[in-house]
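Participant: show me the folded form of this:
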Amino acid sequence: MSPCNSLPANLPPGELRYLPWDINRKERLSSRARNPRRSRSVREPETATVSLIPCSGEDCKRGVEWAACAGQLLAQCPLCRYDSIQSLGWRSKQAHDSSHDWIRYRRGECQQCGVTITFLPAFSLPYTHYSLIARSEALRRRFAEGRSWENAAPPLKDPDRVPSPSTLRRWCYSLDFSRPIFSFLRRALKTLAQWLECGESPVFGSLRLSWPTVYPCLRIVWPWPLRR
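Facilitator: Now for the predicted structure:
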């Protein structure tokens, strides 16, 4: 799923927009189940955690601190559509790149349907330790500069968190599993490099193409073949 698919139609123009990235079902035990002294365990109904990615072009512009938009909170629940989300405070997650190691983000709970909402910034996907900026830099080094997998790792703020070559390959496999290996990705990066060298910067969804946004742009258009 791309960060800019199927936006809710009832959001006013110009508002910060989000969409559900995924829904993870988690079963919660009641207080009786958590207390070993109770005679039997009772399970409450399943609750959902929804991760939301912002769809504001302003947050994806070059020079804008992309992690800052995680401090904003949406009032409308993406499931029940009521303006009933209340803040649950802040959490932290890893989002390694040249400027970030850990970032803070907001969580909220819908008072109407009970769903928990996680508000993540545009370049940090759920359950990942590296930002999309870092993944874009790895693509550039590997396929545009022709570096080996061992030398294609992006520079990071925390030098102890440099990703392994197998991690870089996994990032690429998530975009292209063609045969010969990465054949589509190689051609795509060659085309994108030519566009950028000529000063062209097409827009994909809310993202304007640049080297820092190559990875999320490919997530939006893939597997559409990039042709001139």
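Participant: need the phi and psi values for the closest residue to L156 other than its chain neighbours.
Facilitator: Nearest residue to L156, sequence neighbours excluded (Cβ to Cβ, 6 or more residues apart in numbering): H96, at 5.1 Å. (Each C-beta comes from the backbone N, C-alpha and C, glycine too.) The phi/psi pair for H96 (degrees, to the nearest 10) reads phi -70, psi 130.
Participant: cool, R186 as well?
Facilitator: Dihedral pair for R186: phi -60, psi -50, per degrees, to the nearest 10.
Participant: for the closest residue to it other than its chain neighbours, phi and psi?
Facilitator: Of all residues not flanking R186 in the chain, F143 sits nearest, at 5.6 Å (Cβ to Cβ, 6+ apart). Note on F143: its backbone torsions stand at phi -100, psi -30 [degrees, to the nearest 10].
Participant: mark out where each domain of the protein begins and ends.
Facilitator: 18-119, 132-221 (automatic domain parsing).
Participant: mind giving me a markdown table with those and columns for distance to P126?
Facilitator: Shown next, in a markdown table, are the domains of the chain (distance: least, Cβ to Cβ, whole Å):
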| stretch | distance to P126 |
| --- | --- |
| domain 18-119 | 4 |
| domain 132-221 | 12 |
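Participant: would you format these as JSON lines with mean pLDDT and mean neighbour count included?
Facilitator: As requested, those are exported to JSON lines (pLDDT from 0 to 100; neighbours: other Cβ atoms under 10 Å):
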{"stretch": "domain 18-119", "mean pLDDT": "70", "mean neighbour count": "15"}
{"stretch": "domain 132-221", "mean pLDDT": "92", "mean neighbour count": "17"}
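Participant: could you pull out the helices for this structure?
Facilitator: 31-34, 132-139, 165-173, 183-197, 214-221 (DSSP state H).
Participant: and of those, who's closest to Q111?
Facilitator: helix 31-34 (20.2 Å; Cβ to Cβ).
Participant: span of stretch 66-83 from start to end?
Facilitator: 25 Å (Cα to Cα, to the nearest Å).
Participant: how much space between the residue nearest to R186 and H96?
Facilitator: Look at F143 and H96: by Cβ to Cβ, to the nearest Å, they are 21 Å apart.
Participant: likewise for G108?
Facilitator: For G108, the distance to H96 equals 25 Å [Cβ to Cβ].
Participant: residues touching the residue nearest to R186, list them.
Facilitator: 182, 185-186, 189-190 (Cβ atoms under 8 Å, 6 or more residues apart in numbering).
Participant: between those residues, which is nearest R219?
Facilitator: Using Cβ to Cβ, these come closest to R219 at L185, 12.2 Å.
Participant: check contacts around the closest one.
Facilitator: Contacts for L185 were tallied using Cβ under 8 Å, 6+ apart; they are 139, 143, 172, 175-176, 178, 218.
Participant: mind running it again at 10 Å?
Facilitator: Contacts for L185 were tallied using Cβ atoms under 10 Å, 6 or more residues apart in numbering; they are 139, 142-143, 172-173, 175-178, 218, 222.
Participant: strands along the protein, start to end?
Facilitator: Along the chain, the stretches classed as strands by DSSP state E are 18-26, 47-54, 85-94, 102-110, 116-119, 203-204, 207-208.
Participant: ok, residues contacting stretch 157-174?
Facilitator: 94, 96-102, 128-130, 132, 134-136, 138-139, 141-143, 148-156, 181-182, 185-186, 215, 218-219, 222.
Participant: and stretch 133-142, C-alpha only, in CSV?
Facilitator: Taking Å, rounded to 0.1, in the frame of the first residue of the first chain, the C-alpha atoms of stretch 133-142 are listed here in CSV:
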residue,chain,number,x,y,z
ILE,A,133,15.4,8.1,3.6
ALA,A,134,18.0,5.5,4.6
ARG,A,135,16.5,3.0,2.2
SER,A,136,16.5,5.5,-0.6
GLU,A,137,20.2,6.2,0.0
ALA,A,138,21.0,2.5,-0.1
LEU,A,139,19.2,2.2,-3.5
ARG,A,140,21.2,5.2,-4.8
ARG,A,141,24.5,3.8,-3.6
ARG,A,142,23.9,0.2,-4.9
